[in-house]
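> predicted model and sequence below, questions to follow.
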Amino acid sequence: MFSCKTKGRGATANAPPTRFNLPDREPDGDWLDAEEDIDGAPPAPKTSVTIERPKTIITRNASPDIGFDRSINAYRGCEHGCIYCFARPTHAFHDLSPGLDFETRLFAKPSAPRLLHEALSKPNYRVAPIAMGTNTDPYQPIERRYRITRDCIAILAEARHPLTITTKSDRVVRDIDLLADMAAHDLVAVAVSVTSLDPHVHCTLEPRAPSARKRLAAITALSEAGIPTYVSMSPIIPAITDHEIETLIETAAEAGAQAAFFIPVRLPHEVAPLFRAWLDEYYPERVGKVMNIIRSIRQGRDNDPNYFTRMRAAGPWGKLIEARFARVCRKHGLNQQKIMLRTDLFRPPAGPQGELF
């Protein structure tokens with residue numbers, strides 16, 4: 001299943017065996033472009049979008065090692081196709097593959113703004129920052145058409161509700177008009193993820209995400225608009241991207257980032273075999289080295305699922321990465337002040353949700 005590349009996609013195939021013993025999948029039917037490539041390669045799977053009608057839109061979590069207790073995910077699946085994405089296994093719950101299905105069989109929630117308006121209007125609602133981009137990217141390509149993220153931000157801005165955003169897309173600059181106003185009241189912070197400055201690494205690791213150049217330009221635009229902006233070097237992949245730590249953070253600081261953080265690569269459930277297949281395809285000479293280092297920072301396993309250690313790297317390799325990252329951040333003046341968001345300005349959104357648009 002993992003022997004050939006799929007043009008423009010991150011996963012090299014549609015599915016490894018899943019936790020639920022679902023059969024392997026091959027893209028066919030309406031998923032395919034009509035014509036083959038000139039070289040006779042199979043056509044690339046097309047993106048399809050299914051409308052989802054959830055009953056609620058704010059997802060709660062009680063994880064003790066995460067700095068937020070609620071989030072909004074406007075979409076399921078993500079066309080960016082990042083091979084390492086820890087959200088891939090969620091597609092298995094829909095009887096879909098965490099492989100190519102995750103990148104091509106997307107779900108959108110157009111009712112999200114209405115549901116958010118209703119949630120914030122409830123008398124017993126208690127304010128805390130809402131996070132966007134914690135599962136799949138709120139600014140992935142289909143946001144251009146659906147604008148669900150923007151409509152949700154408009155409601156949060158009107159209600160003076162604190163918000164954090166994490167994204168790999170420069171499309172976030174489209175919403176600077178809303179975000180700058182929120183930033184003026186200490187209500188928003190944005191983290192732009194930049195994993196690699198190397199175009200070759202980027203085009204295979206995150207095939208449909210904007211280039212590093214565009215993301216750095218977004219950091220500059222956000223910072224110049226007065227919006228607190230982080231750079232997230234997440235994930236750091238040993239022997240693939242870790243050599244870029246110093247250069248990447250220096251470049252992001254020059255672009256205007258005020259703070260930086262990283263997460264070592266995580267390989268939960270189906271992500272581990274998908275990632276190994278990606279290594280086989282693009283870095284066959286490094287497979288053993290990469291996986292051995294990952295196991296060394298994950299206490300002998302492909303993945304560490306435990307609270308408080310899953311976001312960090314253990315062992316000598318892990319300590320070295322942390323020390324290098326901390327040193328370069330100090331050198332360039334990042335992480336000097338903690339960005340705090342206000343919760344005391346909240347006002348329930350007024351009137352029917354439709355009046356906002």
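Yep, it's here.
> now do the buried residues in stretch 81-99.
81-92, 96-99 (16 or more other Cβ atoms under 10 Å). Every residue, glycine included, has its C-beta placed from N, CA and C.
> tell me the two of the residues you listed that are most distant?
Tyr84 and Leu96 (18.7 Å; Cβ to Cβ).
> pLDDT of the helix ranked longest in the chain, averaged?
What stands out as the longest helix in the chain, according to DSSP state H, is helix 315-331. What helix 315-331 shows for mean pLDDT is 97.
> and Gly354, what's its pLDDT?
The per-residue pLDDT reported for Gly354 equals 46.
> typed the wrong thing, it's Phe308
Note for Phe308: predicted pLDDT of 83.
> now do Pro16
Pro16 is assigned 54 on the pLDDT scale.
> same question, Asp304
89.
> wait, a helix at it?
No. Using DSSP: H, G, I helix; E, B strand; the rest coil, the assignment for Asp304 is coil, not a helix.
> which ones are touching the residue lying closest to it once chain neighbours are set aside?
With Cβ to Cβ, 6 or more residues apart in numbering as the criterion, Asp304 has its nearest non-adjacent residue at 4.4 Å, and that residue is Arg298. If a contact means Cβ atoms under 8 Å, 6 or more residues apart in numbering, then Arg298 has 264, 304, 313-314 as its contacts.
> mind checking how far Arg298 is from Ala253?
From Arg298 across to Ala253, the span is 29 Å (Cβ to Cβ, to the nearest Å).
> got it, and Val190?
Counting by Cβ to Cβ, the separation of Val190 from Ala253 is 16 Å.
> let's verify Ile249: helix, strand, or coil?
Assigned with three-state DSSP, Ile249 falls in the helix class.
> give me the neighbour count for the closest residue to it other than its chain neighbours.
For Ile249, the nearest residue in space outside its immediate sequence neighbours is Val328; the separation is 4.6 Å by Cβ to Cβ, 6+ apart. Neighbouring residues of Val328 were enumerated by other Cβ atoms under 10 Å; the total is 18.
> next up, the contacts around the residue nearest to Pro210 when sequence neighbours are not counted.
Sequence neighbours aside, Asp170 is the residue nearest to Pro210 in space, at 4.9 Å (criterion: Cβ to Cβ, 6+ apart). Contact criterion Cβ under 8 Å, 6+ apart gives 210, 214-215, 217-218 as the residues in contact with Asp170.
> mind checking how far Asp170 is from Leu120?
28 Å.
> specify the local secondary structure of the residue nearest to Asp186 when sequence neighbours are not counted.
Closest residue to Asp186 apart from its sequence neighbours, by Cβ to Cβ, 6+ apart: Arg342 at 4.6 Å. Three states are possible here, and by three-state DSSP the one that applies to Arg342 is coil.
> flag the shaky bits of the stretch 1-150 of the chain, pLDDT-wise.
Along the stretch 1-150 of the chain, the model assigns pLDDT under 70 to residues 1-7, 13-44.
> helices of that one, start to end?
Under the criterion DSSP state H, counting those that start in this stretch, the stretch 1-150 of the chain carries helices at the ranges 100-104, 112-121, 143-146, 148-158.
> go through those and pick out the most buried.
Compared across these, helix 100-104 shows the largest average neighbour count, a mean of 27 (mean count of other Cβ atoms under 10 Å).
> now that one - C-alpha only, PDB.
What follows is the C-alpha trace of helix 100-104 in PDB, where atoms were taken according to Å, rounded to 0.1, in the frame of the first residue of the first chain:
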ATOM      1  CA  LEU A 100      -5.500  10.000   1.900                       C
ATOM      2  CA  ASP A 101      -9.100  10.200   3.100                       C
ATOM      3  CA  PHE A 102      -8.000  12.600   5.800                       C
ATOM      4  CA  GLU A 103      -6.600  14.900   3.100                       C
ATOM      5  CA  THR A 104      -9.400  14.500   0.500                       C
END
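> and it, what does it pack onto?
Contacts of helix 100-104 with other secondary structure elements, assessed using 3 or more Cβ pairs under 8 Å, 6 or more residues apart in numbering; DSSP states H and E, are absent: no helix or strand is involved.
> quick check, distance from it to the centre of its chain.
Its chain's C-alpha centre and that of helix 100-104 lie 15 Å apart, by Cα atoms, centre = their mean, to the nearest Å.
> distance check, Val265 against Asp198.
Relative to Asp198, Val265 is positioned 16 Å away (Cβ to Cβ).
> so these two - more neighbours on which side?
In terms of neighbours (other Cβ under 10 Å), Val265 is the more surrounded of Val265 and Asp198; the figures are 26 against 16.
> identify the residues contacting that one.
Counting by Cβ under 8 Å, 6+ apart, Val265 touches 84, 235-238, 275, 294.
> in strands, which of the residues you listed fall?
With strands identified by DSSP state E, the entries of these that belong to them are 235-236.
> ok, of the contacts of Val265, which come out buried?
Among those, those classed as buried by neighbour count (16+ other Cβ under 10 Å) are 84, 235-238, 275, 294.
> farthest-apart pair in the residues you listed, please.
Every pair in the buried ones among the contacts of Val265 was compared (Cβ to Cβ); the two farthest apart turn out to be Ile236 and Phe275, at 13.8 Å.
> on that earlier part again, of the contacts of Val265, closest to Ala183?
Compare each of the contacts of Val265 with Ala183 using Cβ to Cβ and the shortest gap goes to Pro235, at 27.2 Å.
> more neighbours, Val190 and Ala253?
Neighbour count, other Cβ under 10 Å: between Val190 and Ala253, Val190 has more, with 25 against 20.
> and that one, what helix or strand is that in?
strand 188-193 (DSSP states H and E).
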